[in-house]
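Participant: show me how the following folds:
(one chain, ligands or ions: 1)
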Amino acid sequence: MVLLGATGSIGESTLRVLSAHRDRLELVGVAARTNHARLAQIARDFGVKHVAVYDEAAGAAARASGAFPAGTVLRTGLPGLIELAQLPAADIVLVAVVGTTGLEPALAALAAGKDLALASKEILVLAGKFIMAEARRHGGKLLPVDSEHSAVFQCLEGHPQAGIRRIVLTASGGAFRDWPHERLAHVTPEDATKHPNWSMGPKITVDSATLANKGLELIEAQWLFNLRPEQCTAVLHPQSIVHCLVEFTDGAMLAQLSPPSMTFPIQHALLHPDRAPGVEPALDFTRLLGLEFRPVDELRFPCFNLARQAMVAGGIAPAVFNAANEVAVAAFLGGRLPFLAIPRVIDETLQDVKHFEPESLAAVLEADAAARRAATARLRRHA
Ligand SMILES: NC(=O)c1ccc[n+]([C@@H]2O[C@H](COP(=O)([O-])OP(=O)(O)OC[C@H]3O[C@@H](n4cnc5c(N)ncnc54)[C@H](OP(=O)(O)O)[C@@H]3O)[C@@H](O)[C@H]2O)c1
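Facilitator: Next up, the predicted model:
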């Protein structure tokens, strides 16, 4: 397998799964943006020959470092990631690069006939139509890594599409689910990057606190499972143990449960359709285990509502939502935007960018760039 985003939170969990299943899985390529020191260590530990560093300056530093084993092929930039995604030795490519940089590598992997394990939800939100078409054209499997989508995938296996009434993704509610609304005006990046249940990268942790993450996941689910917007819903579930509920037309529901660790869905994607012992203990029913479900308070989580509206509008709206969210979250993390201004920037950007149905990937990328420009301009008003 090839792992894009090897040095991040998903990357590190994937390495744990790989370490436990060296008899079944072999890592042949790894990529990151700048962290070449960690890539060199992974290359040594896993005997990886192909490495890509997205950032050119970091790539030059990696070459000069002498830290990579002899014989390592070091590539840089987006072309480097794309070449890695098409390595003849790889059967499966796991894309876990934060944001949308993984889009072209993901399409390249599918075009080369690889299976695609997808953690980067932003890619499906941006270009779901084109990713799904490429997967169908070349016959590659699309394996969800996001825990909720892995859960839906597992619950749906063997069930005909016509029998699905709706899916219900669970949301922990993030870092501020129990904070009084008045306190939210003073949230700092440090507050927002402390998740109560999951250990994740900074962008997705902020997205969890605003529930933009759940909105992105509804759109992701719509593409992965070929559902209508009204079939994709969410519920708050503070324990993060039930990852989804699937309701069938007869009213029966199936749920998928596992402890809140990404090693479970990652292993499922990488070994599918096989099962093997997990790297962490399963749920322990000898102890009290409470499971609560509450409706999502849409006033408290305006980003969720905006994502839903974008999903219903379709066309480029989800891409615009995603781009505006990325710009706003980066500004918040950089101390340049208050927390409560994140949904305002998204809302205004959705209104600024002209709506249309994209017929090509180029048109989506153009809409994405226009939305980033519009959102950046909006930042100044809310700083
Ligand atoms: N963490 C989770 O539990 C979780 C769960 C579900 C889905 N996801 C999704 O998985 C993706 C990764 O999330 P994460 O939490 O693992 O993020 P993270 O901890 O911030 O790690 C991001 C990884 O992507 C690499 N990267 C960033 N920009 C890149 C670029 N332009 N080219 C190549 N590599 C690049 C980083 O390299 P450097 O270290 O060099 O910067 C790092 O390896 C996101 O799309 C997220 O929504 C995450």
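
Participant: which residues in this structure form strands?
Facilitator: With strands called from DSSP state E, the chain shows them at 2-4, 29-32, 50-53, 73-76, 92-95, 115-118, 142-144, 164-171, 232-236, 242-248, 253-257.

Participant: packing partners for the longest one?
Facilitator: Helices and strands touching strand 164-171, by 3 or more C-beta pairs under 8 Å, 6 or more residues apart in numbering; DSSP states H and E, are helix 147-156, helix 212-224, strand 232-236, strand 242-248. (Each C-beta comes from the backbone N, C-alpha and C, glycine too.)

Participant: which of the strands of the chain is buried the deepest?
Facilitator: Among those, strand 2-4 has the highest mean neighbour count (mean count of other C-beta atoms under 10 Å), at a mean of 29.

Participant: model confidence over that strand, on average?
Facilitator: In this model, strand 2-4 has a mean pLDDT of 98.

Participant: which of the strands of the chain sits closest to His382?
Facilitator: strand 164-171 (25.2 Å; C-beta to C-beta).

Participant: would you mind listing what in the stretch 251-383 of the chain touches the ligand?
Facilitator: Met262 (C-beta under 6 Å from any ligand atom).

Participant: give me every residue that touches the nearest residue to Leu107 once chain neighbours are set aside.
Facilitator: The shortest distance from Leu107 to any non-neighbouring residue, by C-beta to C-beta, 6 or more residues apart in numbering, is to Glu134 (5.4 Å). Neighbour list for Glu134: 107, 110-111, 140 [criterion: C-beta atoms under 8 Å, 6 or more residues apart in numbering].

Participant: ok, for Pro189, nearest residue in space, not its chain neighbours?
Facilitator: Distances taken as C-beta to C-beta, 6+ apart place Leu333 nearest to Pro189, at 5.0 Å, with adjacent residues excluded.

Participant: could I get the buried residue list for stretch 7-27?
Facilitator: By neighbour count on 16 or more other C-beta atoms under 10 Å, the buried set for stretch 7-27 is 7-18, 20-21, 25, 27.

Participant: actually, stretch 211-227.
Facilitator: Neighbour-count burial for stretch 211-227 [16+ other C-beta under 10 Å]: 211-225, 227.

Participant: any residue of that stretch up close to the ligand?
Facilitator: No: using C-beta under 6 Å from any ligand atom, stretch 211-227 stays clear of the ligand, coming no nearer than 7.2 Å.

Participant: pLDDT (mean, whole number) over that stretch?
Facilitator: Stretch 211-227 shows a mean pLDDT of 97.

Participant: now it, how far from the centre of its chain.
Facilitator: Chain-centre distance of stretch 211-227: 10 Å, with C-alpha atoms, centre = their mean, to the nearest Å.

Participant: pull the number of nearby residues for Leu291.
Facilitator: Leu291 is flanked by 12 other residues according to other C-beta atoms under 10 Å.

Participant: not counting residues beside it along the chain, what's closest to the closest residue to the ligand within the stretch 251-383 of the chain?
Facilitator: Among the residues of the stretch 251-383 of the chain, Met262 lies closest to the ligand, at 4.6 Å counting by C-beta to the nearest ligand atom. Excluding the flanking residues, the one nearest Met262 by C-beta to C-beta, 6+ apart is Ser13, at 4.4 Å.
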